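Enquirer: quick one, fold the following:
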Amino acid sequence: MGNEDKDQTARNTIAANLVRLREAQGWSTKDLAGKAGIAIDEMIAFERAEKSPALSDMRRLAAAFAVPLSVLFEGC
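Expert: Alright, predicted model coming up:
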């Protein structure tokens, strides 16, 4: 598996974790973006695995969910 494939696999896993956690809270994508202080268009790109969140974004997302940062990487 090449690096691009590994990167896409990681993006897919993080995206799935974001959607799973968001839905468990009953939040919309817009709700999560607001709680994490992330632009809605970026949040949509993260959930579609089109873009990798920066570490600072990941920290804000973990804080919004009140989970350890590692939870967002489960399955990577």
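
Enquirer: where does this structure dip in pLDDT?
Expert: By pLDDT under 70, the low-scoring segments of the chain are 1.

Enquirer: just checking, next helix/strand downstream of the longest helix along it?
Expert: Longest helix in the chain, counting residues (DSSP state H): helix 3-25. Of the helices and strands lying after helix 3-25 in sequence (DSSP states H and E), the nearest is helix 29-36.

Enquirer: and stretch 41-51, C-alpha only, in CSV?
Expert: Taking Å, rounded to 0.1, in the frame of the first residue of the first chain, the C-alpha atoms of stretch 41-51 are listed here in CSV:
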residue,chain,number,x,y,z
ASP,A,41,-17.0,24.0,4.6
GLU,A,42,-13.9,22.6,6.3
MET,A,43,-16.0,20.4,8.6
ILE,A,44,-17.9,19.0,5.5
ALA,A,45,-14.5,18.3,3.8
PHE,A,46,-13.3,16.4,7.0
GLU,A,47,-16.5,14.3,7.2
ARG,A,48,-16.2,13.5,3.5
ALA,A,49,-12.5,12.5,3.9
GLU,A,50,-11.7,15.1,1.3
LYS,A,51,-9.3,16.9,3.6
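
Enquirer: list the buried residues in it.
Expert: By 16 or more other CB atoms under 10 Å, the buried positions in stretch 41-51 come out as 42-43, 45-47, 49, 51. Where C-beta positions appear, they are placed from N, C-alpha and C, glycine not excepted.

Enquirer: same thing with stretch 64-72?
Expert: Buried residues in stretch 64-72 (16+ other CB under 10 Å): 64-65, 72.

Enquirer: just these: which are in helices?
Expert: Checked against DSSP H, the buried residues of stretch 64-72 include these in helices: 64-65, 72.

Enquirer: okay, these in CSV with distance to Ala15 next?
Expert: CSV is the format used below for these (distance: CB to CB, whole Å):
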residue, distance to Ala15
Ala64, 16
Phe65, 14
Leu72, 10
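
Enquirer: nothing else from me, thank you.
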